[in-house]
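# Sequence and predicted structure below; questions after.
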Amino acid sequence: MTVHDAVSPFAGSPISTRGGLIPDGMIPSGYTQRSIRDATVVAHGSTMEFFEEMLREKPTLHQWASRQPGVRTMRGRKPAYAVALPDSDVGVVVRHSAHGGMFASITKDLFVTPRAATELRISWTLRHVGISTPRILGYALYPTMAGQLWRADVVTREVVGSADLARVLSRHATAFNQEQSIDAAVILLRRLARTWAYHPDLNLKNVLIAPAGNDELAAYVLDVDTLRFAEKNAEWMNVRRLLRSARKLFAKHGDPGVATLIKRLGG
């Protein structure tokens, strides 16, 4: 199957504004904003009550999560923590925002304009148009330098039983059928193309594979804060970005599953 065959038949119904369906400065319906201690908090529904309890115990949501019994650490740019909300069985992942790229060692986790609000608007838009991404339950912004710079934590629902595509396609993976996982990733690419959504960092670790019921699998897109809509060439840009990641991983490990993905995408 070529790249065109894998993606183009589902292109259409584009979103014509780069930031999605929620204008800058607004929060989606169902979310509220509140000041808790020194933090500015945006949360969905009753999640605000959990955030209040967490911030009464610790200065930040990320610090609270790191100290919980049974916490699971997820490695990335910064450690993320998988925990349950206080006195509940709701599993969440708490991430601390940090810069990437060549200036990351200088800018670290300080933002003039935190990306958390943008990430929420983009995530809401993706879910609204049928593109799977973990639900953002809320975020907290912490001022520094009298509000001139900010730090941020983002809380999402945990996608239970999931694994990133790099892990799924490794030679030692056993959790998911690799062909079905690739099918799910191709469907994700089609849906992104249909809405003109381009993900500048669409690598194999930013595609999450999870059970979807009836022995089917679904692919979720992660790290959507830099994703932008209104890109007419999104289908080719996304595929090219994912192929670049797959080729790099194949050169390092030579996993047959990754080779299959490369072939499937016409690379």
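Looks like it came in fine.
# Using the three-state scheme, assign A230.
coil (DSSP: H, G, I helix; E, B strand; the rest coil).
# and the residue nearest to Q148 when sequence neighbours are not counted, how many residues sit next to it?
Excluding the flanking residues, the one nearest Q148 by C-beta to C-beta, 6 or more residues apart in numbering is V112, at 7.6 Å. Every C-beta, even on glycine, is put in place using the N, C-alpha and C of the backbone. Neighbour count of V112, defined by other C-beta atoms under 10 Å: 8.
# contacting residues for V112?
Contacts for V112 (C-beta atoms under 8 Å, 6 or more residues apart in numbering) come out as 148-150.
# filter those to the buried ones?
By neighbour count, with 16 or more other C-beta atoms under 10 Å, those hold 149-150 as buried.
# of the contacts of V112, closest to P23?
Closest approach to P23 among the contacts of V112 (C-beta to C-beta): W150, at 20.4 Å.
# so which strand or helix has the closest one?
strand 149-157 (DSSP states H and E).
# One more: P211?
Using DSSP H and E, P211 falls in strand 207-213.
# Mind listing the strands that strand pairs with, and their directions?
strand 163-164 (antiparallel), strand 216-221 (antiparallel) (DSSP bridges).
# Of the ones you listed, which is nearest T32?
Using C-beta to C-beta, the strands paired with strand 207-213 put strand 216-221 closest to T32, at 25.4 Å.
# Show me what counts as buried in the closest one.
Residues of strand 216-221 classed as buried: 217-221 (neighbour count, 16+ other C-beta under 10 Å).
# Now do it: everything it contacts.
Applying C-beta under 8 Å, 6+ apart, the external contacts of strand 216-221 come out as 126, 131-134, 159, 162, 165, 176-177, 180-181, 183-185, 187-188, 192, 199, 202, 206-212, 227.
# Check which helices and strands the strand holding W150 is in contact with.
helix 61-66, strand 91-96, helix 116-128, strand 136-144 (3 or more C-beta pairs under 8 Å, 6 or more residues apart in numbering; DSSP states H and E).
# Show me the domain layout of this structure.
The chain breaks down by automatic domain parsing into domains covering 3-16+160-264, 31-157.
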